[in-house]
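turn this into a structure:
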Amino acid sequence: MIKSFSLQSTLDKETIDITDFINKAVQESDIEEGMAFIFVPHTTAALTIIENADPDVQKDLLYKLKELVPRDSRFFHFEGNSDAHILSSLIGSSITVPIENHALWLGRWQGIFLVELDGPKKREVGIRLVRA
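Here you go, the predicted model:
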């Protein structure tokens, strides 16, 4: 089963909690146990699982990412967004989450986030649910 959804980022760099979108796809399926494979088909966005209880964790992530690969570094890529390409490669474009009892098996403080690295842009997220 493959589902997808689109969303619009609003900032150059931001985190967007997509946990509810993924949970909805799982709940609409008939999969009791299995795996959710989540993928973002963009070279300047990424996916990660981080704490969703304290928004300062997301702020800290973005702060350190900007510090790690600053936009104003010297790059060869003519579009001026090599920082976003590099960060996307480091973070990754997919994650896998187990499904148990017809729900995502995430820790108490975990959420699934799209990491926008070159926005604002319209983004698509794909979900493949596989029965165990």
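
low-confidence regions, this protein specifically.
1 (pLDDT under 70).

in it, which spans are helices?
Using DSSP state H, the helices assigned to the chain run over residues 19-28, 55-68, 82-91.

residue 118 and residue 15, how far apart?
Taking CB to CB, to the nearest Å as the measure, residue 118 and residue 15 are separated by 14 Å. C-beta coordinates here come from the backbone N, C-alpha and C atoms, glycine included.

er, residue 100 actually
Using CB to CB, which is the criterion applied here, residue 100 is 25 Å from residue 15.

which one of those two has more residues nearby?
Under the neighbour definition other CB atoms under 10 Å, residue 100 and residue 15 were set side by side, and residue 15 has more, 23 against 12.

wait, isn't that one in contact with residue 116?
Yes. Taking contact to mean CB atoms under 8 Å, the distance of 7.5 Å between residue 15 and residue 116 places them in contact.

state which strand of this structure is the longest.
Assignment by DSSP state E gives strand 122-131 as the longest strand of the chain.

partners of that strand in the sheet?
With DSSP bridges as the criterion, the sheet partners recorded for strand 122-131 are strand 2-8 (antiparallel), strand 34-39 (antiparallel).

distance from it to the middle of the chain?
If you compare the mean C-alpha spot of strand 122-131 with that of the full chain, they lie 11 Å apart, counting by CA atoms, centre = their mean, to the nearest Å.

who's in contact with residue 103?
Taking CB atoms under 8 Å, 6 or more residues apart in numbering, we find residue 103 in contact with 23, 26, 27.

nearest to residue 59 among the residues you listed?
Taking CB to CB as the measure, residue 59 lies nearest residue 23 of those, at 23.9 Å.

for that closest one, which non-adjacent residue is closest in space?
Using CB to CB, 6 or more residues apart in numbering and skipping residues adjacent in sequence, the residue nearest residue 23 is residue 104, 5.8 Å away.
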